[in-house]
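Peer 1: Pasted the sequence and its predicted model underneath.
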Amino acid sequence: MKRTMLWVSKKYAVQVIAALVIASAACQTANADPITTVFNSTWTQIAAEDYVGPSGYVNPGYGGQDFDAEYLYYKRNGNTLSIGLQSGFNLVTGRVDYGGKAYYAGDLALSFDNNISSYEYAFDFGLLTKDYYVNLVDADPAGSSDGIDASGLYAVTQWNNGVYFTAANPFAMDGGSQIESGATSAGYDSTLDSYWRIVSFDITSIGNFAALDAHWTMSCGNDVIDGHAAAPVPEPATMLLFGTGISGLAAWQRRKFRKA
């Protein structure tokens with residue numbers, strides 16, 4: 001009898017341990033690393049929201065890696081400001097098909113007045129955009145929408161907030177005027193299963209530049225990312241620093257010669 005009870009106890013213990021291991025695995029989170037081949041040391045990270053929890057939870061919604069907004073970066077060279085976005089969402093085509101429904105990438109919402117009560121600018125990726133309710137979204141007048149704007153920086157007059165999780169708004173520009181074409185590029189890292197997109201534009205077209213606030217989500221609003229930075233200072237040009245150093249050395253040599 002004792003042997004039987006001992007065997008049952010051991011069998012039960014093994015089952016409990018196995019259940020705990022499975023439960024622990026289900027509770028683990030998955031995180032993607034930054035794409036350092038794109039966002040190297042010249043970039044400054046301003047947001048890290050990379051998180052896929054149990055059952056694919058990405059906050060406030062679900063969907064796993066396909067809907068994970070991961071990182072925001074920026075860098076400034078002279079008057080050119082570049083902003084980088086990394087996401088599990090397809091930033092190349094701007095579309096993810098999931099559960100029989102198509103979802104679309106939103107515009108990059110931007111503010112430069114250190115006040116995020118409203119985002120006064122957007123950088124449109126130039127891709128087809130539809131909200132959660134499959135309405136075409138663009139800056140065209142009502143009745144002439146095709147869901148596509150020319151890529152570039154826009155002054156926004158109206159935002160589309162037609163996402164499922166409204167906490168992720170704003171989603172995409174629904175009215176505005178282009179103030180600069182800028183530049184944009186995108187790609188995919190198969191090792192990390194993450195996409196990236198970079199936008200660049202001349203900040204002299206902005207006017208007041210008190211700070212940088214960036215916001216991005218997709219048409220469901222399953223995940224959202226927000227980044228903030230003080231007004232970025234341009235990186236000093238290497239040759240300018242070199243020239244300054246040479247001038248200083250020459251001045252020091254002249255003073256030394258005069259003293260002699």
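Peer 2: Looks like it arrived, so ask away.
Peer 1: going forward, measure contacts and count neighbours with C-alpha atoms only.
Peer 2: Will do.
Peer 1: List the contacts of stretch 107-119.
Peer 2: Stretch 107-119 is contacted by residues 120-125, 156, 170-173, 206, 208-217, 231 when judged by Cα atoms under 8 Å, 6 or more residues apart in numbering.
Peer 1: how far does that stretch sit from the chain's center?
Peer 2: Once both centres are worked out by Cα atoms, centre = their mean, to the nearest Å, stretch 107-119 turns out to sit 14 Å from its chain's centre.
Peer 1: Just the C-alpha atoms of it, please, in CSV.
Peer 2: The C-alpha trace of stretch 107-119 is given here as CSV (Å, rounded to 0.1, in the frame of the first residue of the first chain):
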residue,chain,number,x,y,z
ASP,A,107,0.3,58.0,-40.5
LEU,A,108,3.1,59.1,-38.2
ALA,A,109,1.5,61.8,-36.1
LEU,A,110,3.9,64.6,-35.1
SER,A,111,3.9,67.6,-32.8
PHE,A,112,6.7,70.1,-32.3
ASP,A,113,5.1,72.6,-29.8
ASN,A,114,5.7,70.4,-26.7
ASN,A,115,1.9,69.9,-26.3
ILE,A,116,0.4,66.6,-27.3
SER,A,117,-3.2,67.6,-26.7
SER,A,118,-3.2,67.7,-30.5
TYR,A,119,-0.8,66.6,-33.2
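Peer 1: what sits against residue 155?
Peer 2: 120, 121, 122, 176, 177, 178, 179.
Peer 1: Any of the residues you listed buried? List them.
Peer 2: With neighbours counted by 16 or more other Cα atoms under 10 Å, the contacts of residue 155 contain buried members at 120, 121, 122, 176, 177, 178.
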